Every structure is written in structure tokens, then in C-alpha cells.
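Engineer: take a look and give me a structure for this.
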Amino acid sequence: RDLHSFPTRRSSDLEIDITELRLMDKFADFRKISGNTLKMIALVTMLIDHIGAAVIAPLVEDDILPVGMSFDTLITIYKALRFIGRTSFPIFIFLITEGFIHTSNRLKYAASLLIFALISELPYDYAFYGKIDLENSNVFITLFLALITLCGVDAVSNYFHKKNLNTTYTMFASIIIILITSAAASLLQSDYKCYGIFLAVIFCFFRPIFPLNILAAYIVIASYSTEWQSFPAFILIFLYNQKQGKKLGKYKYLLYALS
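Structural biologist: The predicted model follows:
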């Protein structure tokens, strides 16, 4: 992006984006990873995680050992796979914020996430619980709710700005939206629950304080279960070069399906 891409935007937005660009320039030499590369890394690490959770974990629980392998070795493999898998979720959430910022059709984007959430639920249930489980829902629900949160906060912000209302109203309305979507994530027991919402908000609306927003996001997610192991994701996000990379075309839907 350059400064010519902002002529029709509010002066306050322009100042924020200029600040953001100046901050990004300090780290430009280090930032070499495209958005599509991040997608592939997230997909591969998620697949590795699911092998651990859906294949190795049942073997451990049923005390089934592959020929020539000790129980301790199987446990070590399981822990290693799950450790690698911790990288995927923060990247997926980060990419949701990038999609929110850059997509030309947020409604279509949200609809795609919701459709894949519904399609994924049965495979998710049988892979992880061996039956239809109405108490838990897959990560696409979390991604969908994160996107809805960003859209809601952005909408109320624009509304109150047009009405020239005090920013306190914007903050209050935004907090209400975040609380509602966070409650929905907890009620639906979606993967990572409200933490996905919090990460999306930090990644998106605190972009001007990069890279402190990345550090803040890590501190938040690290407080949840074993997610302190997700630190490689935040290093990769730091290295993101603000470019999409080679377009995936229809292959992006294949990535959704594999997810």
C-alpha cells in the first residue's frame, strides 16, 4: 500500500494509516512472509495438530501401542504434534483480520465462513468425539464470530462518527458487541472460545501500535491452557510483509475444505 490509496478516507483514518506505515517501515527488511504463505503454514500445522488429537490421542487413551514403540515414545510424539499445532490458530485469526480489512465484500466473506462452519461440524464431531457432539463446535464458528465482531465494532464506530457523538459511546457500544460475541463463543463451546474474539480485536484495531499489538495478543492467548506454546505463530505474524502473495484463486476453497 502507499499514500495514494487513501484519498477518499477520513483524515483521522489517514493519520492512523500513515503512522502505521511509518512503524512498518522500521521492520520492512525483516518482513518477508506473504499472506498466502501464512495460510499454508497455518494449514500444515493444523493438520499436524489434528493428527495428534484425532489419531495419536485415541491410541494413548485406549492404551494401544504401535509395534516396537513404548508408551513414553507415543506420549512424546503426541506432545510434539500438539506443540507444533499451537501455531495454527493465531495465524488463522490474524488472517481473518486481514480479510476483514482488505476484502471487497465482507458479507460474502462472513457467509463463506458460516457455510464452512456448518459443513465442518459433523467431520469435526466424529474426528474428535466419535459421535455427534452438540456441546462443542469447530474453529470456523470462532473465526465467523471474530469476523462478525470486527464488522460490528467498525459499523458502530462509523455510525457514531457520522453522528459526531463522543468517542465514549463508541467504546461502550464496541465493548457490548465484544461481550455478546464472546458469550456466543462460550455458549457454543467453539474452539478457543472468547480468546479468538480478543485476538481479532487486538490484531485489527491496535494495528497502529505494531509490533506491540502482536505482543499483547500473545500475552492474552498464552493465558489460555497450553497456548503459550503458540509463540512461533507470533514470530511468523511479525514477519508478514502486508502482501497477499501469489493468488490462490479457487484453491482457497480447497484450503477451507481441508481446514
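Engineer: flag the shaky bits of the chain, pLDDT-wise.
Structural biologist: 1-30, 67, 245, 247-259 (pLDDT under 70).
Engineer: list the contacts of the closest residue in space to residue 129 that isn't next to it in sequence.
Structural biologist: Leaving out its chain neighbours, the residue that sits closest to residue 129 by CB to CB, 6 or more residues apart in numbering is residue 136, at 7.2 Å. C-beta coordinates here come from the backbone N, C-alpha and C atoms, glycine included. Residue 136 sits next to 125, 128, 129, 189, 190 when contact means CB atoms under 8 Å, 6 or more residues apart in numbering.
Engineer: contacts only, for the last one.
Structural biologist: Meaning residue 190. Here residue 190 is in contact with 136, 137, 138, 139, 141, 142, 145, 196 (criterion: CB under 8 Å, 6+ apart).
Engineer: isn't the fifth one right up against residue 185?
Structural biologist: The one in question is residue 141. Yes. Shown here, residue 141 and residue 185 form a contact pair, counting by CB atoms under 8 Å, at 7.3 Å.
Engineer: count the neighbours of residue 125 for me.
Structural biologist: 18 (other CB atoms under 10 Å).
Engineer: okay, and it sits in which element?
Structural biologist: helix 106-128 (DSSP states H and E).
Engineer: list the buried residues in that helix.
Structural biologist: 106, 109-110, 112-114, 116-117, 120-121, 124-125, 128 (16 or more other CB atoms under 10 Å).
Engineer: can you list contacts of that helix?
Structural biologist: 50, 53-54, 99-100, 103, 131-133, 136-138, 140-141, 143-144, 147-148, 151, 256-257, 259.
Engineer: so how do I select the buried members of those in ChimeraX?
Structural biologist: In ChimeraX, this line selects whichever of the contacts of helix 106-128 come out buried by 16+ other CB under 10 Å:
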select :50,53,99,100,137,138,140,141,143,144,147,148,151,256,259
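Engineer: among the contacts of helix 106-128, which are in strands?
Structural biologist: The members of those all map outside strands under DSSP state E.
Engineer: tell me, what residue is most central in the chain?
Structural biologist: residue 93 (0.9 Å; CA atoms, centre = their mean).
Engineer: would it count as being in a helix?
Structural biologist: Yes. Judged by DSSP: H, G, I helix; E, B strand; the rest coil, residue 93 forms part of a helix.
Engineer: so how far is the helix or strand harbouring residue 216 off the chain centroid?
Structural biologist: Per DSSP H and E: residue 216 is located in helix 212-222. Chain-centre distance of helix 212-222: 13 Å, with CA atoms, centre = their mean, to the nearest Å.
Engineer: and it, what's buried?
Structural biologist: 213, 214, 216, 217, 218, 220, 221.
Engineer: so the second one touches residue 234, yeah?
Structural biologist: Okay, so that is residue 214. Yes. Residue 214 is within contact range of residue 234, at 5.3 Å (criterion: CB under 8 Å).
Engineer: in the protein, what residue sits furthest out from the centroid?
Structural biologist: Most peripheral residue of the chain (CA atoms, centre = their mean): residue 68, 39.0 Å.
Engineer: hey, C-alpha coordinates of stretch 132-141 in CSV?
Structural biologist: Output in CSV follows, covering the C-alpha atoms of stretch 132-141 (Å, rounded to 0.1, in the frame of the first residue of the first chain):
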residue,chain,number,x,y,z
ILE,A,132,-22.4,-36.0,17.1
ASP,A,133,-21.5,-33.6,19.9
LEU,A,134,-23.8,-30.7,20.5
GLU,A,135,-21.8,-29.3,23.3
ASN,A,136,-18.8,-28.3,21.2
SER,A,137,-18.3,-26.6,17.8
ASN,A,138,-15.5,-26.3,15.4
VAL,A,139,-13.0,-23.5,14.9
PHE,A,140,-14.9,-22.0,11.9
ILE,A,141,-17.5,-20.9,14.4
